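Enquirer: Sequence and predicted structure are below.
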Amino acid sequence: MAEEIVKESDTSRHFLRQWIDESIATGKTGGKVVTRFPPEPNGYIHIGHAKAICVDFGMAELFNGECHLRLDDTNPAKETDEYAQNIKNDIRWLGFQWSGEGDGEEAGFFNASNMFDKMYEIAENLIRKGQAYCCNLTQDEWKEYRGTPDKPGKDSPSRDTSPERNLQIFHEMRDGKYAVGVWCLRAKIDMSSPNIHFRDPVIYRVRHVSHYHLGDKWCVYPMYDFAHPIEDALEGVTNSMCTLEFEVHRPLYDWVVDRLEEMDMLRERNGVKIRPEQREFARLNLTYTVMSKRKLLQLVEEGHVTGWNDPRMPTVCGMRRRGFTPGAIREFCDRVGISKYESESDPALLEWCVREELNRTALRRMAVIDPVKVVVENFPEGESRVVVSQNNPLDESAGTREIAFSREIWIDRADFMEVPEKKFFRMAPGQEVRLRGACIFKCTGFEKNEKGEVTLIRGTYDENSWGGNAPDGRKVKGTIHWVDVATGVAVKVRLFDKLFTVPNPLGDEEKDFIEFLNPDSLKEVTAYVEPLLAEAKRGDKFQFERTGYFCADEIDSLPGKPVFNRVVTLKDSYKPA
């Protein structure tokens with residue numbers, strides 16, 4: 001029966017949960033489920049990693065087990081401590097914490113590089129047993145000897161070299177005698193396997209690069225496919241969950257675990273030898289963006305975005321800076337669900353999750369993004385009145401606030417039409433409109449500049465309508481927001497849109513993905529906001545009434561001078577299934 005796409009929360013049919021249930025029932029876990037999240041510290045984690053984090057930590061939590069955080073730092077050319085520290089920060093921000101034993105003072109935390117001595121010892125044992133050999137095929141020879149998916153490979157001329165000679169070469173590789181690409185160490189498995197990843201794969205290669213964590217101690221480094229099962233085994237991981245591209249690598253994972261079992265190197269827990277097992281699920285793909293770390297790094301290095309934490313980026317730190325919440329991201333990952341089939345998710349679902357949470361929690365404030373001035377000609381000059389408005393109509397405990405109203409106010413340009421269309425109930429000449437919480441206003445005239453743009457609107461208010469309702473009971477269909485000119489504060493506002501103009505920026509074989517960047521993905525405007533918003537602290541989130549949800553930028557905001565990022569628009573036609 002084909003696997004169904006199921007929600008992560010639908011645990012009755014969750015195939016990963018069923019697998020872990022079976023592991024427990026057959027006594028494979030030794031009484032404790034242990035999972036791990038193993039990112040490589042070569043970039044900032046993104047929304048795709050967030051799904052894997054939810055799976056790895058979520059399954060451990062569900063079974064009252066442990067989830068380790070392991071930095072898989074086996075490729076020193078691209079790894080930095082900056083990336084390592086930010087991975088930790090982002091996981092904590094998402095609401096998860098690693099636990100269990102660690103390889104140092106920090107519980108549940110591991111560096112793969114701290115296992116390099118043990119990995120090298122394991123490689124030496126494989127050589128002694130005739131299960132690994134050193135190979136010096138050139139790059140062109142590799143293509144010839146490896147074969148194709150439907151054509152078996154050929155044995156390397158060095159495949160039957162004696163263990164003694166292989167150990168000598170391997171030690172010389174470690175000692176820095178050889179340049180990159182001259183020698184490598186390969187597992188001796190099966191060159192005729194239909195699985196091309198099983199054809200004597202490389203398990204060690206030379207890299208004359210300083211390691212961010214260990215310095216210049218090593219110049220040979222294990223390949224991920226070799227290191228991964230060793231790390232799982234040495235940590236006592238019971239259930240190792242990977243994305244779907246690693247399914248074809250599972251036979252090699254099991255082969256390495258078999259060798260460790262032969263060497264009596266499996267962890268024991270409550271009298272049970274823990275043999276880690278791997279299963280795979282589909283990665284999270286999002287339209288209108290790219291998820292490759294290499295492509296994201298290109299965007300950063302070429303200046304198309306301001307950094308890894310640019311609010312347009314799919315990185316966790318970018319989403320945090322934009323104003324997305326951990327709960328909304330987790331809800332999104334839950335709704336996407338877990339499947340064994342690749343699919344693409346609409347970013348509108350993520351925005352819907354954010355909007356749903358902020359609608360419940362965000363304080364309401366009035367802000368005018370595209371301002372035009374209105375003069376209330378029958379309101380006394382130099383005087384003001386107080387409007388009392390709810391902070392959040394969905395949360396009575398949020399209380400109310402007082403807002404000043406005086407003779408001059410700002411309104412959004414879109415709320416005025418010189419010649420109103422049918423069913424346009426906002427401000428127009430001769431038409432009444434409600435100024436939210438204040439009064440009923442009628443436009444009596446307006447001024448325009450040489451470009452034909454409205455620069456000033458004039459009118460009068462019904463002095464008996466204070467609070468927004470007419471005493472005679474007449475109906476006023478339109479209500480608009482406003483900001484008092486005298487007390488309003490000018491702030492910078494950033495309006496974000498999709499980073500790319502097409503759903504699949506990598507889908508065109510003839511064009512570079514950079515050509516599909518959206519030139520309108522960021523617009524900066526000066527808005528006028530009610531004075532309480534000037535007090536916003538970094539990370540504070542608000543609903544700008546009738547406009548959208550906004551967050552005070554966590555980097556550029558200063559005391560008394562916030563910069564607001566639009567998180568999501570107020571409404572969207574998207575509705576989740």
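Expert: Great, that's in hand. These numbers were taken from a predicted model, which means no experiment stands behind them. Residues are numbered from 1 along each chain as shown.

Enquirer: so which helix or strand takes in the residue of the chain most remote from its centre?
Expert: Taking CA atoms, centre = their mean, the residue of the chain most remote from its mean C-alpha position is Asp472, at 54.1 Å. Using DSSP states H and E, Asp472 falls within no helix or strand.

Enquirer: and it, how far is that from Glu262?
Expert: Distance check for Asp472 against Glu262: by CB to CB, to the nearest Å, it reads 93 Å. Glycine gets a C-beta too; all of them are placed from N, C-alpha and C.

Enquirer: One more: Leu558?
Expert: For Leu558 relative to Glu262 (CB to CB), the value is 62 Å.

Enquirer: Those two: which is more packed in?
Expert: Each of Leu558 and Glu262 has its neighbours counted (other CB atoms under 10 Å); Glu262 has more, 13 against 10.

Enquirer: Show the pLDDT at the more buried one.
Expert: Predicted confidence (pLDDT) for Glu262: 97.

Enquirer: and what of the one 5 residues further on?
Expert: Looking at Arg267, its pLDDT is 96.

Enquirer: quick one, what contacts it?
Expert: Residues near Arg267 by CB atoms under 8 Å, 6 or more residues apart in numbering: Ala233, Leu234, Glu235, Gly236, Lys273, Ile274.

Enquirer: can you pick the most crowded of these?
Expert: Of those, with other CB under 10 Å as the count, Glu235 tops at 25 neighbours.

Enquirer: Pretty sure that residue sits against Ala112.
Expert: No: Glu235 is beyond contact range of Ala112, at 10.1 Å (criterion: CB atoms under 8 Å).

Enquirer: Which residues are in contact with each of these two?
Expert: Shared contacts of Glu235 and Ala112, defined by CB under 8 Å, 6+ apart, comprise Arg70.

Enquirer: Nearest to Trp19 among the contacts of Arg267?
Expert: Ile274 (15.5 Å; CB to CB).

Enquirer: Give the helix, strand or coil label for Gly104.
Expert: coil (DSSP: H, G, I helix; E, B strand; the rest coil).

Enquirer: How many neighbouring residues does it have?
Expert: When neighbours are counted by other CB under 10 Å, Gly104 comes out with 9.

Enquirer: Nearest spatial neighbour of it, chain-adjacent residues omitted?
Expert: Excluding the flanking residues, the one nearest Gly104 by CB to CB, 6 or more residues apart in numbering is Asn114, at 7.5 Å.

Enquirer: Make sure I have this right: that neighbour is in a strand.
Expert: No: secondary structure of Asn114 (three-state DSSP): helix, not part of a strand.

Enquirer: List of residues touching the helix or strand hosting Ile457?
Expert: If you go by DSSP H and E, Ile457 is part of strand 454-461. Strand 454-461 is contacted from outside by 372-379, 411, 413, 416, 418, 427, 435, 438-449, using CB under 8 Å, 6+ apart.

Enquirer: That one: what's the following helix or strand?
Expert: For strand 454-461, the succeeding helix or strand toward the C-terminus, using DSSP H and E, is strand 479-480.

Enquirer: which strands and helices sit next to that following strand?
Expert: Judged by 3 or more CB pairs under 8 Å, 6 or more residues apart in numbering; DSSP states H and E, strand 479-480 is in contact with strand 432-435.

Enquirer: Could you list the paired strands of the strand it packs on along with their orientation?
Expert: strand 439-448 (antiparallel), strand 479-480 (parallel) (DSSP bridges).

Enquirer: what's the distance between it and the middle of its chain?
Expert: Chain-centre distance of strand 432-435: 42 Å, with CA atoms, centre = their mean, to the nearest Å.

Enquirer: What is the neighbour count of Arg330?
Expert: Count around Arg330 with other CB under 10 Å applied: 20.

Enquirer: Show me how this protein divides into domains.
Expert: 1-281, 293-363+492-569, 367-488 (automatic domain parsing).

Enquirer: Need these in JSON lines (columns: distance to Ala577).
Expert: Shown next, in JSON lines, are the domains of the chain (distance: least, CB to CB, whole Å):
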{"stretch": "domain 1-281", "distance to Ala577": "11"}
{"stretch": "domain 293-363+492-569", "distance to Ala577": "9"}
{"stretch": "domain 367-488", "distance to Ala577": "25"}
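
Enquirer: So for Lys575, which of the ones you listed sits nearest?
Expert: Of those, nearest to Lys575 by CB to CB is domain 293-363+492-569, at 7.6 Å.

Enquirer: State the mean pLDDT of that closest one.
Expert: 96.

Enquirer: related to what we said a few turns ago, most widely separated two among the contacts of Arg267?
Expert: Glu235 and Lys273 (14.0 Å).

Enquirer: how close does Glu545 sit to Pro531?
Expert: Distance from Glu545 to Pro531, by CB to CB: 15 Å.

Enquirer: Which one's more surrounded, the two?
Expert: Under the criterion of other CB under 10 Å, the comparison of Glu545 against Pro531 puts Glu545 first, with 19 against 15.

Enquirer: Please list all residues in contact with the more buried one.
Expert: Arg364, Arg365, Met366, Ala367, Arg436, His481.

Enquirer: how about those in CSV, adding distance to Val305?
Expert: Putting the contacts of Glu545 into CSV (distance: CB to CB, whole Å) gives the following:
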residue, distance to Val305
Arg364, 31
Arg365, 28
Met366, 31
Ala367, 25
Arg436, 36
His481, 32
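
Enquirer: one step back: okay, the strands paired with strand 432-435, which one's buried deepest?
Expert: strand 479-480 (a mean of 20; mean count of other CB atoms under 10 Å).

Enquirer: Chain neighbours aside, what residue packs nearest to Asp200?
Expert: Excluding its sequence neighbours, the residue lying closest to Asp200 (CB to CB, 6+ apart) is Arg186, at 4.6 Å.

Enquirer: just checking, next helix/strand downstream of the helix or strand containing that neighbour?
Expert: Here Arg186 is covered by strand 184-187, with elements defined by DSSP H and E. Toward the C-terminus, strand 184-187 is succeeded by strand 202-206 as the next helix or strand (DSSP H and E).
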